[in-house]
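Peer 1: predicted model and sequence follow; I will ask about them next.
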Amino acid sequence: MKCSRMNPADTALFIIDMHDVVLRQMENREEITRKCAGMLRVAGLLGMSVIVTEHWVSKFGHTVPEVLEAVPEGSRVIEKVRFSACSEEVLAALRATGCRGVIVAGIEAHICVLQTTLDLLEQGFEVFLLGDAIGSGEQSQVGTALTRMERCGAIRTGMVSAAYELMGSPDNEAFREVLKVVKSVLTPPKGQ
């Protein structure tokens, strides 16, 4: 059995459609927002390729500030109108990175995340789902969507597990900074 692994050199990060219109409806919005922002910071510290999508900005608005502020310099923020984030522009940007794997997080699990994941798998990419950073305004749809994506070949993991796997060891020069990010994600601000 093949064991798929994430490596910062050939794994990209996709953050899908983190806009306030849907986040407002979600009970776990703070956790998902924190984990998406945390994974973006980890990706930046490890020099990973990052693509952030925004669905139909004129209707849903831009990515929430907490996430947008964490996007590493030089990353792509791309507007889309299809449910899948795999437009020609996005696929071209992804192929230009030389990545074979894609970490996927964001919303909504059963619509844009699902269709993006299925398209990435069809295009031959390995897909790693940050299960604790994927949500929906309709919480009952999340488990079903994650199960379907896994059955189609995606691999579910968590934000903290992904961060440590990408680092590889405490000898990684970014270890201390990544550890700070992980601790900040696991220790939410008071009142959340």
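Peer 2: Structure received. Residues are numbered from 1 along each chain as shown.

Peer 1: mind listing what the strand or helix carrying Leu13 pairs with, with the direction of each?
Peer 2: Element membership for Leu13 (DSSP states H and E) is strand 11-16. The strands that strand 11-16 pairs with in its sheet are strand 50-55 (parallel), strand 101-107 (parallel) (by DSSP bridges).

Peer 1: now those as a markdown table including mean neighbour count and distance to Val113?
Peer 2: For glycine as for every other residue, the C-beta is placed from the backbone atoms N, C-alpha and C. Conversion of these to a markdown table gives the following (neighbours: other Cβ atoms under 10 Å; distance: least, Cβ to Cβ, whole Å):
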| stretch | mean neighbour count | distance to Val113 |
| --- | --- | --- |
| strand 50-55 | 23 | 10 |
| strand 101-107 | 26 | 6 |
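
Peer 1: would you list the ones you listed in JSON lines and tack on mean pLDDT and distance to Gln139?
Peer 2: Below are the strands paired with strand 11-16 laid out as JSON lines (pLDDT from 0 to 100; distance: least, Cβ to Cβ, whole Å):
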{"stretch": "strand 50-55", "mean pLDDT": "94", "distance to Gln139": "19"}
{"stretch": "strand 101-107", "mean pLDDT": "98", "distance to Gln139": "11"}
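
Peer 1: which of the ones you listed sits closest to Ala9?
Peer 2: Smallest distance to Ala9 across the strands paired with strand 11-16 (Cβ to Cβ): 10.2 Å, for strand 101-107.

Peer 1: which neighbouring elements make contact with the longest strand along the chain?
Peer 2: For the chain, the longest strand by residue count, based on DSSP state E, is strand 126-135. Judged by 3 or more Cβ pairs under 8 Å, 6 or more residues apart in numbering; DSSP states H and E, the packing partners of strand 126-135 are helix 29-45, strand 101-107, helix 114-122, helix 140-151, strand 155-157, helix 159-167.

Peer 1: what about 6 Å?
Peer 2: helix 29-45, strand 101-107, helix 114-122, strand 155-157, helix 159-167 (3 or more Cβ pairs under 6 Å, 6 or more residues apart in numbering; DSSP states H and E).

Peer 1: just want the angle from the strand holding Leu13 to helix 114-122.
Peer 2: Per axes from the mean of the first three to the mean of the last three Cα atoms, to 10 degrees, the angle that strand 11-16 makes with helix 114-122 is 160 degrees.

Peer 1: now do strand 11-16 against strand 126-135, angle only.
Peer 2: Using the same axes, to 10 degrees: strand 11-16 against strand 126-135 is 30 degrees.

Peer 1: can you put the strands paired with strand 11-16 in a markdown table and add distance to Asn7?
Peer 2: Conversion of the strands paired with strand 11-16 to a markdown table gives the following (distance: least, Cβ to Cβ, whole Å):
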| stretch | distance to Asn7 |
| --- | --- |
| strand 50-55 | 15 |
| strand 101-107 | 8 |
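
Peer 1: lowest mean pLDDT among the helices and strands of this structure, which one is it?
Peer 2: helix 57-60 (a mean of 88; mean pLDDT, DSSP states H and E).
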